[in-house]
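Q: quick check, what structure comes out for this input:
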Amino acid sequence: MEKKKKGEKPLTGLTEISENQEKPSLGEVLKNKSYSLVISGQILAVVSNIIAFTAISYIIYSTTQSATMMSLLIVIGILPNVLLMPIAGVLIDRLDQRKVIFVATTILLGGKIGFLAIYLLKDLLTLIDIQKIVTGTGHIIYQSSLNYVHFIWPLYLLAFINAIGGSVLFLTIGTYTRHVVKRKNLLVMNSFNQTVMQIATVIGPLIAGVIADFNYLFSFIVSGTVIGAGATVCFFLTLKGNKPILEDRKRKHWKEEILEFGRDIRIGFRAVREDSKISFVLVMYTLFNFTVASIGGLYSVILQGKLELNPTWYGAVGTVSAGIGILTSLIIITIGKINRKLILINAVILIEAIGLLLFSLITNKWVMVLVVTLPLGIVNGAANIPSSTLRQERLPKEKLGRAMSTVTLFTSLGNLTGTIIVTIVSGIFLPTHILLVGTGLTFLLGIGGTIAMFSKQSLRCPDYKIDEAMILSEETKLKANSD
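A: Model prediction:
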């Protein structure tokens, strides 16, 4: 039996259909005070992360000269999605999501302050190893070298804490916005989200590259200041934002709470499994994250090592790619409604394969900026829009946090597995060869996904037609129960 919701008005199937047939309106989304506060805090969090992690990636690579250590940084960023997402999804559905968003941004602020503190203590944390060498003639030579281990591991720990805050923040935002934005506006909302996030990644890498080229200390100061502003915005969200609809829950014995917690996690998994399109996207994106893991840890290695790009050039590559992503997102906003989102998802995977191929072969920095960024930018602009919208449109709002955490768990496992493999083989094979393998796997995935989509009726049918049938079916069930 469904639990009663606080303040929830019954929403009939016909009401949902009527709303879904209306023309999407970006203006309605932007006038929504709750959404405006959420997106403002999210932008500031993204910019802060870009500035901080641009500096950290250069610090780690310059001190270790190791592709393995760079891949380890990626692994640490993924781990919270694997370890904590099922628990986080349950809590997000149970708690006031406005407060969860504020707590997550506060965690991010703490991480940035920690980065600043560790960098200020760099000289104290760096050890000098002295090695005694006896020459063939019997002379003794003392050779010194710097040991950064006690400077590096705190950065990894703080990166993990920062990843926890980021994972919870973005999962909660995806759930909360479904409560405050109309269903008909979800695609334009997600497209606008992606647009502003891409704008943030235009500004972020450019600023981050210039600042890191000038002074890493200043990078951490700016990053902390930006996320401090984001935490302030999210605090106002707890005061002024619309409260999400929550279930009435009675306090239970701790043993019963543990059992119910497990049941709630399984509810999220079943919600994904029972919808053929959502489960198809889950499988595709899990495998996609596995195949493109090759670019995650090797991106900085190739730009810094193979092409010898300084932080400013590094930022320029990210800026141009994000600019193309902005154009892609704006095109989707103009379209307003996509009736077969799975086609776009498969197209994104094939375009990414082209981008990986170019990225692995190009050795000229100008060609990298002007050519390689085109497919990668398109993917950045369009990768998450159809999948996020499909989940928000088709999954029940009261189960969305748990369902989205299930998706995040499996896609992160795919990414983590691929990244671990890349980390292991990066010391054996050339980065270019690893990228070429990733390219081939991504091509096979895109072709296989396209064939599977067109071979199954439930996958190739229009999205909104099926939605209406589902809603009418629920309406019939409700009437039968009431009779």
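
Q: in the stretch 101-250 of the chain, which segments are predicted with low confidence?
A: Low-confidence segments of the stretch 101-250 of the chain (pLDDT under 70): 127-149, 201, 205, 249.

Q: where does Gly427 land in three-state SS?
A: Here Gly427 is coil, with the state taken from DSSP: H, G, I helix; E, B strand; the rest coil.

Q: ok, Val317 to Leu116 distance?
A: Distance from Val317 to Leu116, counting by CB to CB, to the nearest Å: 26 Å. C-beta here means a position set from N, CA and C on the backbone, and glycine is covered the same way.

Q: again, but for Ala353
A: 40 Å.

Q: pick out whichever of these two has more residues nearby.
A: Neighbours were tallied for Ala353 and for Leu116 using other CB atoms under 10 Å; the higher tally belongs to Ala353 (25 against 19).

Q: and the more buried one, that one's in a helix?
A: Yes. When three-state DSSP is applied, Ala353 is found to be in a helix.

Q: pretty sure it sits against Gly449.
A: No. Between Ala353 and Gly449 there is no contact under CB atoms under 8 Å: 11.5 Å.

Q: count of neighbours near Thr106?
A: 17.

Q: mind giving me the packing neighbours of the host helix or strand of it?
A: In this assignment (DSSP states H and E), Thr106 forms part of helix 97-120. When contacts are defined as 3 or more CB pairs under 8 Å, 6 or more residues apart in numbering; DSSP states H and E, helix 97-120 packs onto helix 33-64, helix 149-180, helix 216-240.

Q: what's the closest of those to Ile107?
A: helix 149-180 (3.3 Å; CB to CB).

Q: got a list of contacts for the host helix or strand of Ser279?
A: Under the criterion of DSSP H and E, Ser279 resides in helix 276-291. Outside of helix 276-291, the residues within contact range by CB atoms under 8 Å, 6 or more residues apart in numbering are 271-273, 341-342, 345-346, 349, 352, 387, 390-391, 394-395, 403, 406-407, 410-415, 417-418, 438, 441-442, 445, 449, 452-453, 456, 458-459, 463, 466.

Q: just the mean pLDDT for that helix, thanks.
A: Here helix 276-291 scores 90 as its mean pLDDT.

Q: can I get the helices and strands packed on helix 97-120 in a markdown table including distance to Leu109?
A: Compiled in a markdown table, these are given as follows (distance: least, CB to CB, whole Å):
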| stretch | distance to Leu109 |
| --- | --- |
| helix 33-64 | 9 |
| helix 149-180 | 8 |
| helix 216-240 | 5 |
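
Q: which one of the ones you listed lies closest to Asn193?
A: Nearest to Asn193, of all the helices and strands packed on helix 97-120, is helix 33-64, at 6.5 Å by CB to CB.

Q: buried ones in the closest one?
A: For helix 33-64, burial by neighbour count (16 or more other CB atoms under 10 Å) applies to 34-61, 63.

Q: got it, and stretch 428-436?
A: Using 16+ other CB under 10 Å as the test for burial, stretch 428-436 gives Pro431, Ile434, Leu435, Leu436.

Q: closest to Gly323 out of these?
A: Distances from Gly323 to the buried residues of stretch 428-436, taken by CB to CB, are shortest for Leu435, at 23.2 Å.

Q: for the closest one, pull up the helix or strand it's in.
A: If you go by DSSP H and E, Leu435 is part of helix 431-455.

Q: after that helix, which helix or strand is next?
A: helix 457-460.

Q: and Glu247, what are its phi and psi?
A: The phi/psi pair for Glu247 (degrees, to the nearest 10) reads phi -70, psi 140.

Q: show me where pLDDT drops low in the stretch 351-483 of the chain?
A: Checking the stretch 351-483 of the chain against pLDDT under 70 turns up 363, 365, 368-372, 465-483.

Q: what angle do helix 149-180 and the helix holding Thr106 make with each other?
A: Relative orientation of helix 97-120 and helix 149-180, computed by axes from the mean of the first three to the mean of the last three CA atoms, to 10 degrees: 160 degrees.

Q: tell me the helix or strand right after helix 97-120.
A: Counting by DSSP H and E, the next helix or strand C-terminal to helix 97-120 is helix 122-125.

Q: and the contacts of that next one?
A: Ile118, Tyr148, His150, Phe151, Pro154.

Q: state the distance from Lys277 to Ile60.
A: Counting by CB to CB, the gap from Lys277 to Ile60 is 40 Å.

Q: and Val272, by the same measure?
A: Distance from Val272 to Ile60, by CB to CB: 36 Å.

Q: just Gln198 next, same as before
A: Using CB to CB, we find Gln198 at a distance of 26 Å from Ile60.

Q: likewise His150?
A: According to CB to CB, His150 and Ile60 sit 14 Å apart.

Q: show me where the stretch 301-450 of the chain has its strands.
A: Read by DSSP state E, counting those that start in this stretch, the stretch 301-450 of the chain holds no strands at all.

Q: helix, strand or coil for Asn242?
A: For Asn242, the secondary structure call by three-state DSSP comes out as coil.

Q: how much space between the nearest residue to Gln194 once chain neighbours are set aside and Met404?
A: Nearest non-adjacent residue to Gln194, counting by CB to CB, 6 or more residues apart in numbering: Ser329, 4.3 Å away. For Ser329, the distance to Met404 equals 20 Å [CB to CB].

Q: now Ile92
A: 8 Å.

Q: now for these two: what residues contact both?
A: Leu171, Thr175.

Q: could I get the buried residue list for the helix holding Thr106?
A: So, applying 16+ other CB under 10 Å, buried residues of helix 97-120: 97-116, 118-119.

Q: show the end-to-end separation of stretch 22-41, please.
A: Length of stretch 22-41, first residue to last, CA to CA, to the nearest Å: 29 Å.

Q: just how off-centre is it within its chain?
A: 21 Å (CA atoms, centre = their mean, to the nearest Å).
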